[in-house]
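*Asks:* what's the 3D shape of this:
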Amino acid sequence: MNQTKSIQVQGNALGGGTLPIIITPLVGKTQAALLDEVAAIVPKKPDLLEWRIDFFADIGDAKAVIASAQAIRKAANGIPVLLTRRNVSEGGNPIPIAEPAVVAMYIAACEAKCVEIIDYELSNTPADLQRLREVSKAKGVAMIMSYHNFQMTPDAETLDGKFAAASRLGADVAKVAVMPKSEQDVLVLLAATDRARQAIDIPLISMSMGGVGSLSRIIGWIYGSAATFAVGKSSSAPGQISIEDLRVMLALVRKSVTGQ
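*Replies:* Predicted coordinates for the structure are as follows:
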């Protein structure tokens, strides 16, 4: 079995390297709600917290964003924080600010160094992708470039192209998440992940969403996905499994596959 490339945060690999890291979303609308989520999640020891800031009421206030990010990090007991505004066209929550303000928010967070990783979609303009890549790299913040399709699973060529584009544009991590319409679509996603692992040098995150796709959250690491998402308190996408259940299933699969 080929080695899955680990996700690095400030020079350190997340997780133990034998299983995918577990990422848990935060979807609170206020700082108080976010901190309640963190308090419930931290004892479950995920590897990374994803702050889905498209749910945050004060997303347009850079000072509130930075203050909340700092509060999350203080309460997270050393668990790194991933900052994600998910575009509504890719399954995100509607937000009251336009894209220039979103880019400014990301830049402010990078400059304040209040998060360890950011996620920005490949569907955004090349200029915005390049600008955030330049700022994040200069400030030592890792960057995921992502693609999400909540309607379908595109063909193999399209999926290969998304992974390759993230690598070509300088991402630290390439992410692809798609919706299956059949069990065969899950295999299409897993096969694309395996090809990308062999073709590009950066870590990958991939998943097939929904009930049918939940299998990919359990076995995706075998095909090269370095991370999987699990519910700590609230879900951010269909098909996410609780941290507790996911850990049990990952351990069972690893024992069956590797004998360890």
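*Asks:* Please make it C-alpha for all contacts and neighbour counts, starting now.
*Replies:* Fine.
*Asks:* which residues touch residue 108?
*Replies:* With contacts defined as C-alpha atoms under 8 Å, 6 or more residues apart in numbering, the neighbours of residue 108 are 62, 66.
*Asks:* so what does the strand ranked longest in the chain touch, helix or strand wise?
*Replies:* Ranked by residue count, the top strand of the chain under DSSP state E comes out as strand 142-149. Judged by 3 or more C-alpha pairs under 8 Å, 6 or more residues apart in numbering; DSSP states H and E, strand 142-149 is in contact with strand 117-121, helix 126-139, helix 156-168, strand 173-178.
*Asks:* Isn't residue 171 up against residue 132?
*Replies:* No. Here residue 171 does not reach residue 132: they are 10.3 Å apart, not a contact under C-alpha atoms under 8 Å.
*Asks:* So for these two, which residue has more residues nearby?
*Replies:* Comparing residue 171 with residue 132 by other C-alpha atoms under 10 Å, the one with more neighbours is residue 171, at 24 against 20.
*Asks:* can you confirm the more buried one is in a strand?
*Replies:* No. When DSSP: H, G, I helix; E, B strand; the rest coil is applied, residue 171 is found to be coil, with no strand at that position.
*Asks:* Show me which residues of stretch 28-39 are buried.
*Replies:* Taking 16 or more other C-alpha atoms under 10 Å as the neighbour-count basis, stretch 28-39 is seen to contain the buried residues 28, 29, 30, 31, 34, 35, 36, 37, 38, 39.
*Asks:* Other residues contacting the least confident helix or strand in the chain by mean pLDDT?
*Replies:* When each helix and strand of the chain is scored by mean pLDDT, DSSP states H and E, strand 241-242 comes last, with a mean of 82. Counting contacts by C-alpha under 8 Å, 6+ apart, the residues outside strand 241-242 that touch it are 214, 229, 230, 231, 232.
*Asks:* Now do that strand: distance to the chain's middle.
*Replies:* Relative to its parent chain, strand 241-242 has a centroid offset of 15 Å by C-alpha atoms, centre = their mean, to the nearest Å.
*Asks:* re the thing from before, what is the nearest of the contacts of strand 241-242 to residue 103?
*Replies:* Proximity to residue 103 was ranked across the contacts of strand 241-242 by C-alpha to C-alpha; first place goes to residue 229, at 24.7 Å.
*Asks:* give me the beta-bridge partners of the closest one?
*Replies:* With beta bridges defined as DSSP bridges, residue 229 has these partners: residue 23.
*Asks:* Residue 23 versus that one, what's the distance?
*Replies:* Applying C-alpha to C-alpha, to the nearest Å, the value for residue 229 to residue 23 is 5 Å.
*Asks:* So if I had to pick from those two, which one is more boxed in?
*Replies:* Under the criterion of other C-alpha under 10 Å, the comparison of residue 229 against residue 23 puts residue 229 first, with 29 against 22.
*Asks:* Highest neighbour count among the contacts of strand 241-242?
*Replies:* That'd be residue 229 among the contacts of strand 241-242, by other C-alpha under 10 Å, with 29 neighbours.
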